[in-house]
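> Got a predicted structure here, sequence first:
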Amino acid sequence: MIVFRDPAEVPEGFGPSVVAIGKFDGVHSGHRAVIDRARVDAEAEGARVVAVTFDRNPLALLRPDICPDSLVGVQQKLDLLAQSGVDATLLLTFDRELADLGAREFVEHVLVGALGVRIVMVGGDFRFGRGGAGTPDLLRELGGEFGFEVDVVDDVRAIEAGRRVSSTWVRELLSEGDVAGAARLLGRSHAVRGEVVHGLKRGRELGFPTANLSSDLEGFVPAEGVYAGWLVDSESFDVERHADPRRSIRYPAAISVGTNPTFDDVPVRQVEAYVLDETDLDLYGHTVEIEFVARIRGMVAFDGIGPLIAQMTDDVVRVREELT
C-alpha cells in the first residue's frame, strides 16, 4: 500500500480512484464494509482504492475536552488499512489549516485534483469541511459538478444488540475488559503495540518473566486485569531462512494490565506479557504487538508472594485453555 501524507505527494495522473473517507479508528467491521464496497466498484471502474483519513481524531484539535482516546495508533491504522485491501492511503495532517478548509475546496483540491476521484464512499454521519458544513448531500451536489458519484454506505448493525458497529461501542467494551466482545465488532482481536522495555524484573523473580511495553504504546489499553492473548514479534523472524520478511512469530501469552497492586510500586498502568513456557526470551528493544483474546480475571492485591504465585500459576492454566 502506498502512503501519501499530503495531496502534493500524489503524482500527477495517479487516478482514477474510488475513495473511502473517514477517521477509520480501529478499522472495524463497519469501516471495512465501506472499503469492501469501494474495492468492488474500483474493480468495475479499473480504478485504485484510496482511503482518505487523518493523523488524529479531528476532535483533538477542535474539541480536545471531549476527544476520546484512539483505538489504534497511526501506524496500526495504516497497517490495518493495508490488510483490508486498500491500494493507497492519503493520511492528512489535521491541523488548523485543514480544519479551516471549506467543503468545496476539500473536494476540488484533495478528491478531484489530487486523486482523480470517480466514486466517493462515506458513511451516513460523514461530515467534512470548515465547521463540518459538508454533508453527504452536499458531496452529491459537488459530485454532479465535478463528475464523480457518491455512495453512502449503510451502517453495519449487530442484530442481537440492535446497535450499529462503531468505534465508541468498541471503546466501551474494552473499557469494561470485554475484549472478546470488542473482537466481534472489530473482526479481529484488539491489539496494542509498543517497544519492550526494562521493568522492575519482579516477574522474573517470581518465575514468570514478562515483556513490559513502553508507556507510550499505540492502541487503546483495556480495563485492568489478566488476559489470554498473543505476543506478536516481527523483529525476531529469521529473514535469511524465509523468503517473506513480513512474517511474524506469535507467542501464546498471559497478559497483565494494571499497576501491580500487590506491591503498589507501579505509578501508572502498564501492559506486560508472560510468554508461556519461555523463560529466556530476549525481546528488549523490539516493537511487538499484544493481542487480547479473553479476560481471565480482574486485577486484585494479594496478601503476600505465595498467594500471588499460586494465582499466577492458575492464570497460566486458564490462559492455555483459552488459546487451545
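Good, I have the coordinates.
> show me what contacts the nearest residue to residue 87 once chain neighbours are set aside?
Distance criterion CB to CB, 6 or more residues apart in numbering; nearest residue to residue 87, sequence neighbours excluded, is residue 48 at 4.3 Å. For the C-beta atoms, the positions are set from N, CA and C on the backbone; glycine is no exception. Taking CB atoms under 8 Å, 6 or more residues apart in numbering, we find residue 48 in contact with 14-18, 42, 87-88.
> among the residues you listed, which one has the lowest pLDDT?
Minimum pLDDT across the contacts of residue 48 is recorded for residue 15, with 85.
> For it, list the residues it contacts.
For residue 15, the contact set (CB under 8 Å, 6+ apart) comprises 47-48, 115-118.
> how close does it sit to residue 132?
26 Å (CB to CB, to the nearest Å).
> Please name the bridge partners of the spatially closest residue to residue 323 that is not a sequence neighbour.
Spatial nearest neighbour of residue 323, excluding adjacent residues (CB to CB, 6+ apart): residue 252 at 4.8 Å. In this entry, residue 252 is beta-bridged to residue 230, by DSSP bridges.
> ok, now residue 272?
Residue 272 has these beta-bridge partners by DSSP bridges: residue 212, residue 256.
> can you count the residues close to it?
Using other CB atoms under 10 Å, residue 272 has 23 other residues around it.
> Where does the residue lying closest to residue 207 once chain neighbours are set aside fall, secondary structure wise?
Among residues not flanking residue 207 along the chain, residue 309 sits closest, at 6.9 Å (CB to CB, 6+ apart). Residue 309 belongs to helix 305-323 when assigned by DSSP states H and E.
> Which of the contacts of residue 15 fall in strands?
Within these, residues falling in strands by DSSP state E are 48, 117-118.
> Looking at those residues, which is nearest residue 59?
Residue 59 lies nearest to residue 117 out of these, by CB to CB, at 25.7 Å.
> Now the closest one: closest residue in space that isn't a chain neighbour?
Distance criterion CB to CB, 6+ apart; nearest residue to residue 117, sequence neighbours excluded, is residue 111 at 4.4 Å.
> three-state assignment of the one you found?
Counting by DSSP: H, G, I helix; E, B strand; the rest coil, the backbone at residue 111 sits in helix.
> quick one: residue 193 is in a helix?
No - with three-state DSSP as the criterion, residue 193 is strand rather than part of a helix.
> quick one on the thing from earlier: closest to residue 315 among the contacts of residue 15?
Using CB to CB, these come closest to residue 315 at residue 48, 47.2 Å.
> Let me know the distance separating that closest one from residue 120.
Distance from residue 48 to residue 120, counting by CB to CB: 13 Å.
> residue ranges for the helices of the protein, please.
Applying DSSP state H to the chain gives helices spanning 29-45, 59-62, 74-83, 96-99, 103-105, 136-146, 167-175, 179-186, 202-205, 305-323.
> by contact count, what packs against the longest one?
With contacts defined as 3 or more CB pairs under 8 Å, 6 or more residues apart in numbering; DSSP states H and E, the secondary structure elements packing on helix 305-323 are strand 225-233, strand 249-258, strand 287-297.
> give the contact list for the residue nearest to residue 74 when sequence neighbours are not counted.
Closest residue to residue 74 apart from its sequence neighbours, by CB to CB, 6+ apart: residue 55 at 5.7 Å. Contact analysis of residue 55 by CB under 8 Å, 6+ apart lists 5, 74, 91-94.
> List buried residues within the residues you listed.
Neighbour counting by 16 or more other CB atoms under 10 Å classes 91-92, 94 among these as buried.
> Listing request: residues of the stretch 1-150 of the chain with sub-threshold pLDDT.
Along the stretch 1-150 of the chain, segments meeting pLDDT under 70 are nowhere present.
> Could I get the contacting residues of residue 171?
68-69, 71, 220.
> One more pass at 7 Å, please.
By CB atoms under 7 Å, 6 or more residues apart in numbering, residue 171 lies in contact with 68, 71, 220.
> How about residue 269?
For residue 269, the contact set (CB under 7 Å, 6+ apart) comprises 221, 224, 257-259.
> Pull out the buried residues from these.
When these are checked for burial by 16+ other CB under 10 Å, the buried set is 221, 257-258.
> Can you tell me which of those residues is closest to residue 295?
residue 257 (9.6 Å).
> what residue is smack in the middle of this protein?
In the chain, the centroid-proximal residue (CA atoms, centre = their mean) is residue 72; its distance is 3.1 Å.
> where does the stretch 151-300 of the chain dip in pLDDT?
Scanning the stretch 151-300 of the chain for pLDDT under 70 picks out 159, 161, 200-206, 235-247, 261-267.
> cutoff 80 now
Applying pLDDT under 80 to the stretch 151-300 of the chain flags the ranges 155, 157-162, 199-207, 234-248, 259-269, 279-280.
> gap between residue 85 and residue 314?
According to CB to CB, residue 85 and residue 314 sit 42 Å apart.
> so what are the domain limits for the chain?
When the chain is parsed with automatic domain parsing, its domains come out as 2-158, 189-323.
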